[in-house]
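**Q** Turn this into a structure:
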Amino acid sequence: MIHPSLLRKQRIILGSLFALIIVTLVIGMGLGYASLSYDRLIPALLGQGTFKEEFVLFSVRLPRIIITLLAGMALALSGAILQGITRNDLADPGIIGINSGAGVAVTVFFLFFPIDSGSFVYMLPLVAFVGALLTAILIYIFAYSKTEGMQPVRLVLIGVGFSMALSGAMIVLISSAEREKVDFIAKWLAGNIWGTDWPFIWALLPWLVVLLPFTLYKANRLNLLSLSEPVAIGVGVSIEKERIVLLITAVALAASAVSVTGGITFIGLMAPHMAKALVGPRNQLFIPIAILIGGWLLVFADTVGRNIMESAGIPAGIMVALIGAPYFVYLLLKK
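**A** You can find the predicted model right below:
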């Protein structure tokens, strides 16, 4: 049973994060190459703005903000699951190779397959999922031992190796491609938010709608998996089965996010840690907070990145890395 004071603390933090996200969204809607006056945001949202105001808001600014929010949430949830099933605080879909697997699949699809503009948006998450899932299966096979089972530390180390190898494979793939396609893949690798239209939202949203409640339903299983294996087996948990199901869930969340945002790392590392520091390690408590922190982090990084330089701005992936890389080193030294 969760103590009432912890539940009350969780609700206060969730309310504060909702307010912080709303403030950041409002600031993000006003800032940009074509700035909008904040006193005109509400009339524009209600359909009472000028053509320019409504075009900038509904066709440019708002879809991008919603996509970054949803993608940040998906990456944070994926990271929370991976840290639970590997019992390793350094696990993150970008660090252990899942994002790179999705990136290779997107690259192959984009470079070598005929693309129908109508289905392209909705095919991307599926293609990314297949690539990420194949990568996760290979990592799992290499990390699994018949005598010792799946070793969490080995899984993370092998995942890092796969991430580096797949990043190299992407560079080889684009080395002989057309200039336009190379530019797109290069921006994807840098974490440049490119899926900035409403269809990309509808392509990403169903994955979160289905997998977020499923993960919360599995929160007790994640709590048990984070304990030692003898304890989990003693209370009747089928460890390998639960790990595989939850690994597929984490892969699907990460793949759907990076298919429209590019190679974003460290969100899945930082958000769960921040949430655990606030309310403790119980998944029922920290997962909702981690999801909101992840969404806010990516929206904040993208808002700062696209306004820090006058031309194209700095990709969100690079902004997140500037924050996340020192945090990763700190955790590495601490652990």
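
**Q** going forward, measure contacts and count neighbours with C-alpha atoms only.
**A** Fine.

**Q** Now do the helix or strand where Ala290 lies, average pLDDT.
**A** Taking DSSP states H and E as the definition, Ala290 sits inside helix 283-307. What helix 283-307 shows for mean pLDDT is 91.

**Q** swap in stretch 315-332?
**A** Averaging pLDDT along stretch 315-332 yields 79.

**Q** Could you give me the buried positions within that stretch?
**A** Across stretch 315-332, burial judged by 16 or more other C-alpha atoms under 10 Å covers 315-321, 324, 328.

**Q** and the helix holding Ala290, how far out from the chain's middle?
**A** Between the centre of helix 283-307 and the centre of its chain there are 9 Å (C-alpha atoms, centre = their mean, to the nearest Å).

**Q** which one of the buried residues of stretch 315-332 sits closest to Ile2?
**A** Nearest to Ile2 out of those is Phe328 (C-alpha to C-alpha; 30.2 Å).

**Q** Tell me who's in contact with that closest one.
**A** Contacts for Phe328 (C-alpha atoms under 8 Å, 6 or more residues apart in numbering) come out as 90, 266, 269.

**Q** Now it: which helix or strand?
**A** helix 316-334.

**Q** Convert the C-alpha atoms of that helix to PDB, please.
**A** The C-alpha atoms that make up helix 316-334 are tabulated as PDB, following Å, rounded to 0.1, in the frame of the first residue of the first chain:
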ATOM      1  CA  ALA A 316      16.500  19.400 -30.300                       C
ATOM      2  CA  GLY A 317      18.600  16.300 -30.200                       C
ATOM      3  CA  ILE A 318      21.800  18.400 -29.800                       C
ATOM      4  CA  MET A 319      20.200  20.600 -27.100                       C
ATOM      5  CA  VAL A 320      19.100  17.500 -25.100                       C
ATOM      6  CA  ALA A 321      22.600  16.000 -25.500                       C
ATOM      7  CA  LEU A 322      24.200  19.200 -24.100                       C
ATOM      8  CA  ILE A 323      22.100  18.700 -21.000                       C
ATOM      9  CA  GLY A 324      22.100  14.900 -21.000                       C
ATOM     10  CA  ALA A 325      25.700  14.000 -21.700                       C
ATOM     11  CA  PRO A 326      27.100  15.600 -18.500                       C
ATOM     12  CA  TYR A 327      24.200  14.000 -16.500                       C
ATOM     13  CA  PHE A 328      25.200  10.600 -18.000                       C
ATOM     14  CA  VAL A 329      28.800  11.100 -17.000                       C
ATOM     15  CA  TYR A 330      27.700  12.100 -13.500                       C
ATOM     16  CA  LEU A 331      25.600   8.900 -13.200                       C
ATOM     17  CA  LEU A 332      28.400   6.800 -14.600                       C
ATOM     18  CA  LEU A 333      30.800   8.200 -11.900                       C
ATOM     19  CA  LYS A 334      28.200   7.900  -9.200                       C
END
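
**Q** could you give the angle of that helix to helix 283-307?
**A** Our comparison of helix 316-334 with helix 283-307, counting by axes from the mean of the first three to the mean of the last three C-alpha atoms, to 10 degrees, yields an angle of 130 degrees.

**Q** ok, and for the helix or strand hosting Leu7, which residues are buried?
**A** Using DSSP H and E, Leu7 sits in helix 4-30. Across helix 4-30, burial judged by 16+ other C-alpha under 10 Å covers 10, 13-14, 17-18, 21, 24-25, 28-30.

**Q** wouldn't Ser226 be in contact with Gly84 here?
**A** Yes. Contact criterion C-alpha atoms under 8 Å: Ser226 and Gly84 qualify, at 5.3 Å.

**Q** of these two, who's got more company?
**A** Gly84 (26 against 20; other C-alpha atoms under 10 Å).

**Q** after the helix or strand containing that one, next one along is what?
**A** Assigned by DSSP H and E, Gly84 belongs to helix 62-86. Following helix 62-86 in sequence order, the next helix or strand is helix 98-112 (DSSP H and E).
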